[in-house]
Each structure stands twice: as structure tokens, then as C-alpha cells.
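# Sequence below, structure please.
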Amino acid sequence: MGTSWSARIVDAPSGCGAAIADVLASVIGEMSNWEAGSDISRFNGSAIGAWVPLPPGMMTVLQAGLAMARLSGGAFDPAVGRLVDSWGFGPSGASAPATRPNHPSPWTAIEIEHGRARRLADVTLDFSGIAKGFAVDALARRLRDLGARHFLVEIGGELRGDGVKPDGQPWWVDVESPPGLAVPTLRVALCGLSVATSGDYRRFRLEGGARLSHSIDPASGMPVANDVASVTVLHDSAMMADAWATAITVMGHERGMALATRHGIAARLIRREGGGGQEYMTPALAAMLD
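As a prediction, this is how the structure comes out:
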């Protein structure tokens, strides 16, 4: 996934290391756009209109991604791969949009039924805004199956905590803040809870002094330019926390936080304002911190 992982396990059952490696290899084999032989690459290269059987994990992520696309009005779009690639953040390594993909709503060109899916137009899947969260959930499930009850797992800044530390304290985590912005530290206790953060400082490049984020707005076909520096979401599911963080980032502080508020999502957004950072918080998160 182009990032790191870690796991802290209290009284770790035997076989945890091999189990973690197996889960991560499975997710990469299904959902990595950088692996030519992955299931997602195979699907993206399939003929338009051809049904392609998908493994259960990939189907779970696709269904969740399409549901979030409907909920967010397409701000989160699991079929935005062509746009991501055209801006240089995909496997082709392009640095500028040579030919701008022109599908107005890529996710609507994906159809699923009975464990299979097909493309109805030349769009491609990209799970970069949801797959890490799915992998965190998958790791947690595997560890619980092995008998682990107290652990903290992390992939690229997306975390899940179960149980407590040996001293009886919950897994306290300081949420990453955007570099260079003076904002309050957000410390959360992960006990049967996940947290995901999306930020414009993680994957970006500078062109003509402008910061081009890897997060693409499907509505404009451009990298998001709404001054959102980071979005953090707490959720029972790391996959959904990941997807919500991406959706809010694309929608911006007004629309995104309003949607999160309506759905009772615990979220914090940091916006670049006047050379500094402005913090926004949904009521659900504020209530958790009281």
C-alpha cells in the first residue's frame, strides 16, 4: 500500500505475525492498482460490459464505496481511478492530465450483482480512500479469531484499538496534525473504536507554487482546492472512518461537516485559513470529548 503498518498485541497468541502478513498480502492482491495481477487491475482491464467475479473482500469494499458515493452525492467515488491517474497519483506516473476523463459521475458506471461487477463505461476503480481502513478491520478480525483481545493495529495512520493496555488504560492515540499549523492536539481513546485521517500533506506535489492534493474532486475533475488540510473521523469501522474522511475532505468544511453532522459522525476538520489552521468539530465528536 506504499506505507507502513504496526501492531501492539497484549499476550499475543502464536502465529500473529504470519496471520498479519497473510491478511496484508490478501488485501494487496485484491485491491492494489500498482499490482498488474491484482483483482482490481484485472477488473479495470476488463472489457466494457463484461461481468467479472470479485473476491468477497473486494466486493465488500466496492459495495461500501458505492454506498458512500450515493450518500455523498459522488464526493466519494470508488471509480475515480482514471482521474487520479491522470493527475499523477496513480500507477501510470503521469504528471498532468493529457486527456481529461470526462465521465460526469464515474461511480454510476459500475454495476454489481451476485458477487460480480462490470464497467458500463471506461472508468476504473481506485480504493485508495477506503482500502487501508478495510485492511485495518481485517487485521482486527484475524487477531480476534486467533484469541487476541487487547491490541492496537495501524496501517498508514488508520488505527483500530480493542480492549485495553496491560495497565488497564485504553489505547490513547494523539491524532496527527497538519505540519506547520498550530491546532489543538486531539487525543482519543480507542476501545472498540477506529480512527482515520485524510490530509492534503500526505500525498501532494507543488506546481507553480500551488499544492495539488492527491484527493480528486470528481465533480470538477481537479485536485481538491478547498483549503481542507485534514479530516479525522472516529467510527466503529475503520473502513467507514476512512471513507467518511475522504468524502468530507472532498466536500469541504461546510457541506462535508454538515453531512457528517446529519449522520451522527464524529469528525474533526482542519482548514487552512489566513496562514493558520481553523478547527471544526461535529457535535458527535464534541460529545465524545466531554
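# Compute the first-to-last residue distance for stretch 69-87.
21 Å (CA to CA, to the nearest Å).
# Just list the residues touching the residue sitting furthest away from the middle of the chain, thanks.
The outermost residue of the chain relative to its centre, with distances by CA atoms, centre = their mean, is D167 at 31.4 Å. Taking CB atoms under 8 Å, 6 or more residues apart in numbering as the definition of contact, D167 has no neighbours. Just so you know, the C-beta spots here come from the backbone N, C-alpha and C atoms, and that holds for glycine as well.
# Let's verify it: helix, strand, or coil?
Assigned with DSSP: H, G, I helix; E, B strand; the rest coil, D167 falls in the coil class.
# any idea how far S215 is from it?
38 Å (CB to CB, to the nearest Å).
# and if you look at R141?
Counting by CB to CB, the gap from R141 to S215 is 28 Å.
# now I48
27 Å.
# what's the answer for V188, then?
Taken as CB to CB, the span from V188 to S215 is 23 Å.
# Settle it for me: which of the two has more neighbours?
S215 (26 against 22; other CB atoms under 10 Å).
# so what's the more buried one scoring on pLDDT?
Here the pLDDT value assigned to S215 is 81.
# List the residues that contact M222.
Going by CB under 8 Å, 6+ apart, M222 touches 87, 216.
# H263 now?
L71.
# can you pull the pLDDT of it?
98.
# pretty sure V61 contacts M239?
Yes. Counting by CB atoms under 8 Å, V61 does reach M239; the two are 7.0 Å apart.
# what residues are shared contacts of the two?
130, 134.
# Phi first, then psi, for E30.
Here is the backbone geometry of E30 (degrees, to the nearest 10): phi -90, psi -40.
# count of residues packed around it?
Here the count is done by other CB under 10 Å, and E30 has 24 residues near it.
# do L269 as well
26.
# doesn't it fall inside a helix?
No. Counting by three-state DSSP, L269 is located in no helix; its state is strand.
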